[in-house]
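Visitor: Predicted model follows, preceded by the sequence.
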2 protein chains.
Amino acid sequence: MSKTKSHDQPTHEQPTHDRPTHDRPMRIGIAGLGTVGAGVVKIMQRHSDLLAHRAGRRLELVAVAARSRTRDRGVDLSAYDWEDDPVALAKREDIDLYIEVIGGSDGPAKASTTAALKRGAHVVTANKAMLALHGAMLAQLAEEHGASLRFEAGVAGGIPIIKALGDGLAANEVTRVFGVLNGTCNYILTKMARTGRDYSDILEEAKDLGYAEADPTADVGGVDAAHKLALLASLAFGTKTNFDAIAIEGIERITLPDIQFAADLGYQVKLIGSARMTPSGLEQRVAPCLIPNHSAIAALDGVTNAVVCEGDFVGQVVATGPGAGEGPTASAIVADIIDIARGGNRPVFGVPTSTLVDASPLDPGAARAPFFLRMTLNDAPGALAQVTRILGDAGVSIDQMRQHGRAPEPAAVLIVTHEALRSNVQSAVEAIAALPISHDHPVVLQIDKG
Amino acid sequence: MSKTKSHDQPTHEQPTHDRPTHDRPMRIGIAGLGTVGAGVVKIMQRHSDLLAHRAGRRLELVAVAARSRTRDRGVDLSAYDWEDDPVALAKREDIDLYIEVIGGSDGPAKASTTAALKRGAHVVTANKAMLALHGAMLAQLAEEHGASLRFEAGVAGGIPIIKALGDGLAANEVTRVFGVLNGTCNYILTKMARTGRDYSDILEEAKDLGYAEADPTADVGGVDAAHKLALLASLAFGTKTNFDAIAIEGIERITLPDIQFAADLGYQVKLIGSARMTPSGLEQRVAPCLIPNHSAIAALDGVTNAVVCEGDFVGQVVATGPGAGEGPTASAIVADIIDIARGGNRPVFGVPTSTLVDASPLDPGAARAPFFLRMTLNDAPGALAQVTRILGDAGVSIDQMRQHGRAPEPAAVLIVTHEALRSNVQSAVEAIAALPISHDHPVVLQIDKG
């Protein structure tokens, strides 16, 4: 066989590890020396020998690019060439692998990534926004030029979920992938639940602690989670990333009563990103949801992330870990480097780009789920009767109902429905909102089995 | 660069996926057609096209080997050649990849695996016992002959934990890996806790349900978990598998009072496999432990497994999922096949075999932890004073103490210690056991922070 093999099998199947160590190091350039970039440099310096053993060759940082040459990043950069322009770094002939940690979906990040791939250099990035918007194009570019493009650090920080989906669960037809993909939101929601303090108060605290950006819109508005979801969905279902098809709702409208009433009913409120392949199309949603207390992700605390994958043979696998931060994100980037240095061949989104399909999105109204409704009603005789009649007429049946407060104060009314069509729930809620007894527009949160 | 590259870089770095599809299928043979082997055939039949896309070439099952040709395995085997002898199958020149799911640490499993590797054929196995005992030898054989040897299915069933440790967390110096590695034990312990029924009763039920073997010794005695732990430890720490150095304690002595008293104190009893690198050596233990309720693995239910990895940069990552069963185990095997078909190059235990070290085992007595002690004492005046004095003299300080029952009945005394040296706790317990007031030998369980 070994004689046959050398003729019959391509040489790329010869494992590197049966050679003592690869003759030539993998030469690396990093653009972006913020927290994550500096973290990557620290790992490469501290674990230089360990990484060489694991990768089968030395990893050699050659050059870096960042705006400020003088800022103290807590790491010695004196051994590396400096480029001011990331594109110039990406084009350097002495770089085999280009690390893009500049950020931003377009601009220098995209320009430099494109430049690297076009000359056949491998790219490792943490840039979920860039890939969510330009993933299929960049993957095709990588493929055309025989380069790898990896983004483990773009989704769920230190959790190796891209490898889990792309390699570990590759035997399965994935039916659903979902999880808690944004640590800032999870910090705010769990802290609200624990302390009974309100949203804006906790948000300010999160900013002070560095858990939220000065402009937190992308996090609390769900866009960051949606970027990550777009990548998970592509990998899970072999579809082209389609960020625009994601229904996005943030946590800005979640109030303390939502959290407290949900808790009374046995649920936690979490911002859930969920992608599900159905016979009627691909559902991609980011929205605050109620998760039952017994679910694997209900207990997730603070900035921890979790991703749940469901496959037809494996069942449910859950991965939990730090969703952000210097160490975890840099850990994911260096894992990608090692994988490429070993000659890892996973296509960018798990299958050849030519076979990635444009999935038709599921009509959001066509999804079925149980829902949690919170409304404030004048506690007048017959008020509940009006509400329940509207729901019944819309084909929405009630699983649980609770009322808090009594006349003359308006009453909080909480309803958990049985599984219902989202469009039916929404039309019923509009009708309820239009009732004279309604104090404000009802809150509608999907209940996710978790 | 692309011009340079073709000269300068080895051709194995050319991703397969920029070729339309690999010219030649990966030809596969399976030895062992029990539940897992039949599951592998089912996946390969059902997902034939999907797997080809993901692997970059077709996966072609060529031949099978099993004892009975007539048994109904719920899958059509008529298209495959049949071999009666696994070694003959492993030696077939038309097989690129040999799947060993016969089981048993030696005998036909080892003989056929050795035969396949010696001719440079890749091997995928679920056989933790074989690798725990012969891992370093087989890894070296694989390396010498340029073959891959993969065992994702050997540890934690469908959870892709070998890939997570070997690839996903490869940037880290791993400090500890631990978890719930045996579903049978977890089923028994959680069922005892939930129903208040005793060990032997639940064990019989588990046998009836197929969650325990007719001879459950390897599971309940901790040996199965220890086999898995040996593999995790080798991969995590770059050490040679050393099964003999694992301190193994099963769950046979766990009683309902242990579980109930632990619950009163806020703990769950779990069979934990744990490997930890310390400055004084490698600690490898399998033993029932108390896990605090708030820990990620305390809520694990039934036959679910969980593995926790701690790395110096990533922090803590937890993976949870089905630890056994046809679908999950077959899913792990087929993932290994895809990885090899793509040309995946991870060394068997993460680093070249020549660099695997013989770790010196940590003296079991030298480990420090908090402990849970349960003893039955004659409720005589001064009884507790004697016990607490012995503990104090041994340098073991008490965190919590509770007493249940009163004279003339003997009393159950429960003690949670602060962190203490295991050898000190053990000598104190021997002294307590020797007291005339002691009814039986105290139960000692380590408390694991989880």
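Guide: In hand now; what should we look at? Numbers count the residues shown, from 1 in each chain, chains lettered A, B, ... in the order given.

Visitor: alpha carbons only for contacts and neighbour counts from here, please
Guide: OK.

Visitor: hmm, the helix or strand containing residue A:143 in reach of chain B?
Guide: Assessed by DSSP states H and E, residue A:143 sits inside helix A:128-144. Yes - part of helix A:128-144 sits near chain B under the criterion Cα under 8 Å from any Cα of the partner chain, namely A:143-144.

Visitor: domain parsing for chain A?
Guide: A:2-154, A:161-323+A:359-364, A:366-447 (automatic domain parsing).

Visitor: residue boundaries of the helices in the stretch 201-350 of chain A?
Guide: A:217-220, A:223-237, A:256-264, A:326-341 (DSSP state H, counting those that start in this stretch).

Visitor: Just say which of these is most tucked in.
Guide: Ranked by mean neighbour count under mean count of other Cα atoms under 10 Å in any protein chain shown, the helices of the stretch 201-350 of chain A are led by helix A:326-341, which reaches a mean of 28.

Visitor: Output the contacting helices and strands for that one.
Guide: For helix A:326-341, the contact count by 3 or more Cα pairs under 8 Å, 6 or more residues apart in numbering or on different chains; DSSP states H and E identifies helix A:35-46, helix A:48-55, strand A:122-125 as packing neighbours.

Visitor: if you average pLDDT over the longest one, what comes out?
Guide: Right, helix A:35-46. Mean pLDDT, helix A:35-46: 97.

Visitor: Just the buried positions in stretch A:406-424, please.
Guide: A:410-424 (16 or more other Cα atoms under 10 Å in any protein chain shown).

Visitor: host element of residue A:29?
Guide: Using DSSP H and E, residue A:29 falls within strand A:26-31.

Visitor: Let me know the angle separating that strand from helix A:48-55.
Guide: 120 degrees (axes from the mean of the first three to the mean of the last three Cα atoms, to 10 degrees).

Visitor: Would strand A:26-31 count as contacting chain B?
Guide: No - looking at strand A:26-31 against chain B by Cα under 8 Å from any Cα, there are no contacts, and the closest approach is 9.7 Å.

Visitor: Contacts only, for residue A:170.
Guide: Each residue near residue A:170 by Cα atoms under 8 Å, 6 or more residues apart in numbering or on different chains is listed here: B:51, B:54, B:331, B:334-335, B:338.

Visitor: what's the angle from the strand holding residue A:29 to helix A:35-46?
Guide: Using the same axes, to 10 degrees: strand A:26-31 against helix A:35-46 is 150 degrees.

Visitor: Neighbouring strands of strand A:26-31 in the sheet, and parallel or not?
Guide: The pairing partners recorded for strand A:26-31 under DSSP bridges are strand A:59-65 (parallel), strand A:97-100 (parallel).

Visitor: any idea how far the helix or strand following the shortest one is from the chain center?
Guide: Past strand A:97-100, further along toward the C-terminus, the next helix or strand under DSSP H and E is helix A:107-118. If you compare the mean C-alpha spot of helix A:107-118 with that of the full chain, they lie 22 Å apart, counting by Cα atoms, centre = their mean, to the nearest Å.

Visitor: where in chain A is pLDDT low?
Guide: Along chain A, the model assigns pLDDT under 70 to residues A:1-22.

Visitor: related to what we said a few turns ago, I'd like the strands paired with strand A:26-31 as JSON lines, with mean neighbour count appended.
Guide: As requested, the strands paired with strand A:26-31 are exported to JSON lines (neighbours: other Cα atoms under 10 Å in any protein chain shown):
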{"stretch": "strand A:59-65", "mean neighbour count": "22"}
{"stretch": "strand A:97-100", "mean neighbour count": "29"}
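
Visitor: Strands along the stretch 151-300 of chain A, start to end?
Guide: A:174-180, A:247-248, A:267-278, A:281-292 (DSSP state E, counting those that start in this stretch).

Visitor: Show me which residues of the stretch 351-450 of chain A sit near chain B.
Guide: When proximity is defined by Cα under 8 Å from any Cα, the stretch 351-450 of chain A lies next to chain B at A:351-352, A:355.

Visitor: what do you get if the cut-off is 7 Å, keeping everything else the same?
Guide: Residues of the stretch 351-450 of chain A lying close to chain B (Cα under 7 Å from any Cα of the partner chain) are A:351-352.

Visitor: which residues does residue A:105 contact?
Guide: Taking Cα atoms under 7 Å, 6 or more residues apart in numbering or on different chains, we find residue A:105 in contact with A:129-130.

Visitor: Tell me how far it lies from residue A:167.
Guide: Note on residue A:105: its distance to residue A:167, by Cα to Cα, to the nearest Å, is 26 Å.

Visitor: Could you do residue A:354 as well?
Guide: 19 Å.

Visitor: Comparing these two, which residue is more hemmed in?
Guide: residue A:167 (23 against 13; other Cα atoms under 10 Å in any protein chain shown).

Visitor: The domains of chain A: which one's closest to residue B:82?
Guide: domain A:2-154 (22.9 Å; Cα to Cα).
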